[in-house]
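here is my input; please provide its structure:
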Amino acid sequence: MLWAEVPNKPTNAPVSDISVTTAYMIKINYQAVTQTNGAVILSYELQVATPNFNDWRSIVGENPFSLTLTYNFNVNISRGFDYSFRYRAINSVGQGPWSDTVTIKAAGVPQPPAIPKFASSTSNSITLSFN
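Residues are numbered from 1 along each chain as shown. All right, here's what the predicted structure looks like:
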C-alpha cells in the first residue's frame, strides 16, 4: 500500500506579469507544484492581503477548486497600494504549505516623456522644451 502526503511547498512565490499589471489590475502567475507526494493535485489556492493588515483572503481555488496558474486580480484595487500574494497546492490528503509571499504595488509602467522640442541655441548651449 502506498502512502500519500500533502503536497510540498511551492518552489517560488507568485509573480506579477508586468506586461499586463496596471494601477487597476494585477496579473499573477504561479507555478505548478511538482512534488505531489503520492496524490494528484486537485487545486491551487491563491490568497491576497494588504501588507499593513495581514488580512489574508482566498481569491481562487479554495471553493470551488481550480487548477489555473494565472489570475487577474482587479476587485477593489486602490492605485498605488501594495498587495501581498501567496499560494499552495491541495491534494486528496490536504493542503500543502504556503509559498513565499510576494508584495506587488498596484501601478503600471509610466509613460515615456514627450519628445523634446528645440527652443533655442547659442554657440555654447542648446535649450529644449518639454510639454
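
strands of the protein, start to end?
Taking DSSP state E as the test, the strands found in the chain are 15-16, 26-29, 41-49, 57-60, 70-73, 82-91, 102-105, 117-121, 126-129.

closest one to V6 among those strands?
strand 82-91 (6.5 Å; C-beta to C-beta). Any C-beta I mention is one placed from the backbone N, CA and C, and that applies to glycine too.

how far does the closest one sit from its chain's centre?
9 Å (C-alpha atoms, centre = their mean, to the nearest Å).

got a list of what the residue lying closest to V15 once chain neighbours are set aside touches?
Take V15 and drop its neighbours on the chain: the residue closest to it by C-beta to C-beta, 6 or more residues apart in numbering is N29, 5.4 Å away. Each residue near N29 by C-beta atoms under 8 Å, 6 or more residues apart in numbering is listed here: 14-17, 69-70.

Throw those into CSV and include distance to T103, thanks.
Shown next, in CSV, are the contacts of N29 (distance: C-beta to C-beta, whole Å):
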residue, distance to T103
P14, 11
V15, 12
S16, 10
D17, 16
L69, 20
T70, 19
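
out of those, which is most surrounded?
P14 (26 neighbours; other C-beta atoms under 10 Å).
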